[in-house]
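> Curious how this folds, go ahead:
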Amino acid sequence: MENQKLPNATVVLVMGILSILGSCCYAVPGLLFGVIALVLGNKAVKTYKEAPENYSDYGNVTAGRIMGIIGIILSIIFIALIIWAIMFIGWEVMQDPELLQERLEELQNQ
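Okay, here's the model as predicted:
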């Protein structure tokens, strides 16, 4: 019997890649793509573990899941950084470039 590809193996890999790239875009797309990669990857791993001799492309699933985890971690770090900046600098200051420049100069002089 010929091995068939794992269902969604390529999708998991693409979502993992997009999660890392999306973590640079205000983190929301990275978090979304990372979660999708993990969910689909976990389903594919369960399918593979039931009958490993029937499926190929397990490496793509593993790589996609790892990249999804990395994308989620990067997104969480970026979201935490944004929240910290809003709390430390202030929302009003971040919306006005002149006030932001003044606030950053104050912080550098301290």
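> mind listing the helices in the chain by residue range?
For the chain, the helices defined by DSSP state H occupy 9-22, 28-50, 58-89, 91-95, 97-109.
> and the last one with helix 58-89, angle?
Computed by axes from the mean of the first three to the mean of the last three CA atoms, to 10 degrees, the angle separating helix 97-109 from helix 58-89 equals 90 degrees.
> would you put the C-alpha positions of helix 97-109 in CSV?
Only the C-alpha atoms of helix 97-109 are listed here, as CSV (Å, rounded to 0.1, in the frame of the first residue of the first chain):
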residue,chain,number,x,y,z
PRO,A,97,4.5,62.4,18.1
GLU,A,98,5.7,65.6,19.7
LEU,A,99,4.7,64.5,23.2
LEU,A,100,6.2,61.1,22.6
GLN,A,101,9.5,62.6,21.6
GLU,A,102,9.5,64.8,24.7
ARG,A,103,8.7,61.8,26.9
LEU,A,104,11.4,59.7,25.4
GLU,A,105,14.0,62.5,25.9
GLU,A,106,12.9,62.8,29.5
LEU,A,107,13.4,59.0,30.0
GLN,A,108,16.9,59.2,28.4
ASN,A,109,18.0,62.0,30.7
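> tell me the centre residue of this structure?
The centre of the chain sits closest to Gly71, judged by CA atoms, centre = their mean, with a distance of 2.4 Å.
> And it, how far from Val14?
12 Å (CB to CB, to the nearest Å). Just so you know, the C-beta spots here come from the backbone N, C-alpha and C atoms, and that holds for glycine as well.
> cool, and Gly41?
The spacing between Gly41 and Val14, counted by CB to CB, is 12 Å.
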